[in-house]
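> below is the sequence, then the predicted model.
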Amino acid sequence: MSAQSPKKLLNVLRGNQEAIPPVWLMRQAGRYLPEYRALRAEKGGFLALAYDSDAACEITLQPIRRFGFDGAILFSDILVIPHAMGQDLWFETGEGPRLAPRLAESRLEDFVPAPQRLAPVIDTVRKVSAGLPPETTFLGFAGSPWTVATYMVHGQGSKDQAEARRMAHAEPERFGALIDAIISATVDYLGDQIDAGVDAVQLFDSWAGSLSPAQFEKWVIAPNAEIVRRLKARKPNAVIIGFPKGAGGKLAAYAEGTGVDALGLDETVDPHWANRELRKGLPVQGNLDPLALIAGGDVLKDAVKNILSAFEDRPHIFNLGHGILPDTPIENVEMLLNLVRKA
C-alpha cells in the first residue's frame, strides 16, 4: 500500500484498492470509434497518424471525451522501436506491419540508428499530458523485447514466431545481442515518455505464449526484469504494468521474476485461478474477452460479474484480455462501463 492518489487508476497500480475498479481498454483509441475513422480518412495511414503529434494526441483523447475512461493510453505502436533502431517500417493495408531488411537475412550492426523518429511520439506525450482531465491516468507503453524481436527477425507478424524461435535456439548469442539492443532502446524510450508526462507504462509481450518454459525464462522474464531494473534505477517512481499474453501458468513466475508493479491478464486466464495463484496484494488488470464485449447482453453481464467477484479483495483495474475489436458496438462499451461502475 502507498499514499492515495487522486488518479484512481494510478492509485490501484501503486497497490491500493478502489471500491469501484478503474477502467480502461486496450486499443481504446482506434477503429471502433467513428471519430477515429474520420480522422484517419482525412490524415492517411496508421503510421502517418502515429507520427503526427497533433493527430495522435487527438486520437488518444477521443475515448476519454466519449467514455470518461480512468486511463488514457498513448496512441502509437510497439514497432516504433525497431524503426528507431534503423529498420524500415510501413503498414500494408489489411495485412499489418512490415519491417525491412529482415534480421533473418541481415545484421543488426548494419542498421543506421534513427532515434529522431521517436521525437514526434514524445511530442504527442507532452500534448496529451497537457490536455487530459486531472483525474485521468496517462499510460505510455512499449513492446517487450521478445515480441519486438519476433517482428524484427521475420519482418512481420506470424502465427508461431518460428523464425525468431529458430534464431533463439540456433544462434543464442546473436539473438541475445538483439534482445540487449532492444532493452537499451526501450529503457531510453520509456524514460523519455515519463519525462514528457506519462504516469505509468505498460510492457506488451504479445507473443509470450509461444515459448517453452526455459525459453520463456530466458527471453521474456529476464529481459523484462532488466527493463524494470534499469528504468527504476533511472526513474525510481516509475510504475510498470507487465502484460505477457499467453503466459498462462507462468504468470506468477513472470510477476515475481520481473518485478513489475501490476500484471495484465489475457482472456484465457481464469480470474479466480489468478487470484489464488498470484501474490496477495499484487495489482492485476483485465481480463474480459473482447468477443464478450461484442456479444453484449447477458454474456457481457455474466463475464463482468465473474471478473469483479474474482478480484474483489485485490487491487484491480478492469480491462479487456486483449485489444478492443473494430466491430465492437459503442453501446456495449457504454454498457460495460455501467456494469463496472454500477451506474
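That came through fine.
> what residues of stretch 29-46 count as buried?
Ala29, Gly30, Arg31, Tyr32, Leu33, Tyr36, Leu39, Arg40, Lys43, Phe46 (16 or more other Cβ atoms under 10 Å). For glycine as for every other residue, the C-beta is placed from the backbone atoms N, C-alpha and C.
> identify the residues contacting that stretch?
Contacts to stretch 29-46, defined as Cβ atoms under 8 Å, 6 or more residues apart in numbering, come from residues 49, 52, 55, 58-60, 62-63, 66, 72-73, 75, 77, 91, 93, 323-328, 330, 333.
> show me how far that stretch is from its chain's centre.
20 Å (Cα atoms, centre = their mean, to the nearest Å).
> that stretch - what's its average pLDDT?
Here stretch 29-46 scores 93 as its mean pLDDT.
> for Val198, which residues are in contact?
Each residue near Val198 by Cβ under 8 Å, 6+ apart is listed here: Leu74, Val125, Ser129, Phe138, Leu139, Gly140.
> swap the cut-off to 10 Å and go again
For Val198, the contacting residues are 72-74, 125, 128-129, 137-141, 190, 192, 238-239, by Cβ atoms under 10 Å, 6 or more residues apart in numbering.
> helices along the stretch 151-300 of the chain, start to end?
For the stretch 151-300 of the chain, the helices defined by DSSP state H, counting those that start in this stretch occupy 162-170, 172-196, 213-216, 222-234, 251-258, 271-277, 290-295, 297-310.
> sorry, back to before: just name the closest of the contacts of Val198 to Lys342, please.
Closest approach to Lys342 among these (Cβ to Cβ): Thr137, at 20.5 Å.
> can you list the low-confidence ranges for the stretch 1-150 of the chain?
1-3 (pLDDT under 70).
> nope, the stretch 201-343 of the chain is what I was after
Scanning the stretch 201-343 of the chain residue by residue, the ranges that satisfy pLDDT under 70 are 343.
> at 90 what do you get?
Along the stretch 201-343 of the chain, the parts satisfying pLDDT under 90 run over 342-343.
> go ahead and confirm Ser210 touches Ala162.
Yes: in this structure Ser210 lies within contact range of Ala162 using Cβ atoms under 10 Å: 8.7 Å.
> overlap in contacts of these two?
Taking Cβ under 10 Å, 6+ apart as the criterion, Ser210 and Ala162 both touch Thr150.
> higher neighbour count, the two?
Ser210 (21 against 13; other Cβ atoms under 10 Å).
> how about the contacts made by the closest residue to Asn224 other than its chain neighbours?
Closest residue in space to Asn224, ignoring its immediate chain neighbours: Thr258 at 4.4 Å, by Cβ to Cβ, 6 or more residues apart in numbering. Thr258 makes contact with 144, 203, 205, 220-229, 240, 242, 244, according to Cβ under 10 Å, 6+ apart.
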